[in-house]
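Q: give me a model of this one.
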Amino acid sequence: MKKNIVLTTTILLLVLISCKGKTEKQEETAEIETTIKAETTAPAKIIPIEHATAVIEWNNTTIYLDPVGGMTAFEGQKSPDLIFITDIHGDHFNPDTLNELNLEGVQIIAPEAVKSQMEETLSSKTITMKNGEIKKLASFSVEAIPMYNLREEAKNFHIKGRGNGYLFTFGDERIYFSGDTEDIPEMRALKNIDKAFVCMNLPYTMTVESAANAVLEFKPRQVYPYHFRGRPDVSDVEKFKTIVNKGNPNIEVVQLDWYPKEDY
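A: Take a look at the predicted model:
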């Protein structure tokens, strides 16, 4: 009887030790997984430079979007790891600005129409994306979204298939930059967008009413008016906000300072 008690006690002790070790291991694993999740799902930081130009920082990666304005426009900013260009026009593709930047080790992503206009020093650093293509880059993914005009009088400004809007997925966050476009079906069909940067300037892109109507259809959590300086007028972003909030008060309209040198 005494032997059975000793045996039972030994087995129980071994089980307790085993369970204790497993619990500590599980806790350690859970802590590591939580740390990794926290690092990879932190929201991206968006820094407006001017008009269509922005800096995106996420998970130790710095992205320049449509860099124009020369080196001075990026004073105080981190050097880029990646550069994305949406279209051939000078407010998106500026070779002089690109050549002023330190491009050592930098990858440029652009439509074929942009790359075809580059000199060898830039084109050798550039990979192309076409509408609908998805790439995995530096721990995030990006999809090239079509951008083009619908109005007959504006169709030659932005031809379908030439330029790219970009949809970035940073961890759990999905951020859309429209590029130069109207309220196209591909924009309206977007799903689960956290931040949407939507253009609105005439005669080149679309009215505030068209932009607001598209936003109300694809329902981003937040929408940021950008690229809203037109010719000769600047678009009424307050009107855009009013239309969006009247149609869906759950969509937050966020206004950043895209024209710091101008009174608009």
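
Q: the closest residue to residue 125 other than its chain neighbours: neighbour count?
A: The shortest distance from residue 125 to any non-neighbouring residue, by Cβ to Cβ, 6 or more residues apart in numbering, is to residue 108 (5.1 Å). For the C-beta atoms, the positions are set from N, CA and C on the backbone; glycine is no exception. Using other Cβ atoms under 10 Å, residue 108 has 23 neighbouring residues.

Q: do the same with residue 191
A: 8.

Q: that one: what secondary structure?
A: coil (DSSP: H, G, I helix; E, B strand; the rest coil).

Q: please renumber the chain so that the first residue is 861 from this point on.
A: Yes, from this point I'll number from 861; that puts the last item at residue 1051.

Q: what's near enough to touch it?
A: residue 1078 (Cβ atoms under 8 Å, 6 or more residues apart in numbering).

Q: quick one: residue 1085 from residue 1069, how far?
A: Distance check for residue 1085 against residue 1069: by Cβ to Cβ, to the nearest Å, it reads 13 Å.

Q: who has more neighbours out of these two?
A: Counted by other Cβ under 10 Å, residue 1085 and residue 1069 do not tie: residue 1085 has more neighbours, with 27 against 14.

Q: surely that one meets residue 1119?
A: No. Using Cβ atoms under 8 Å as the test, residue 1085 is too far from residue 1119 to be in contact (11.4 Å).

Q: the residue nearest to residue 985 and residue 989 touch, don't they?
A: No. With contact defined as Cβ under 8 Å, residue 968 does not reach residue 989; the gap is 10.8 Å.

Q: so what pLDDT did residue 1012 get?
A: Here the pLDDT value assigned to residue 1012 is 70.

Q: ok, back up a step: for the strand or helix carrying the residue nearest to residue 985, what is the average pLDDT?
A: Here residue 968 sits within strand 967-970, counting by DSSP states H and E. Averaged over strand 967-970, pLDDT sits at 98.

Q: sheet-wise, list the partners of that strand with their directions.
A: As defined by DSSP bridges, the strand partners of strand 967-970 come to strand 942-944 (parallel), strand 986-988 (parallel).

Q: okay, those strands in a markdown table with distance to residue 997 next?
A: As requested, these are exported to a markdown table (distance: least, Cβ to Cβ, whole Å):
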| stretch | distance to residue 997 |
| --- | --- |
| strand 942-944 | 6 |
| strand 986-988 | 9 |
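
Q: how about those strands in TSV, adding mean pLDDT and mean neighbour count?
A: Listed next are those as TSV, based on pLDDT from 0 to 100; neighbours: other Cβ atoms under 10 Å:
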stretch	mean pLDDT	mean neighbour count
strand 942-944	98	22
strand 986-988	98	15
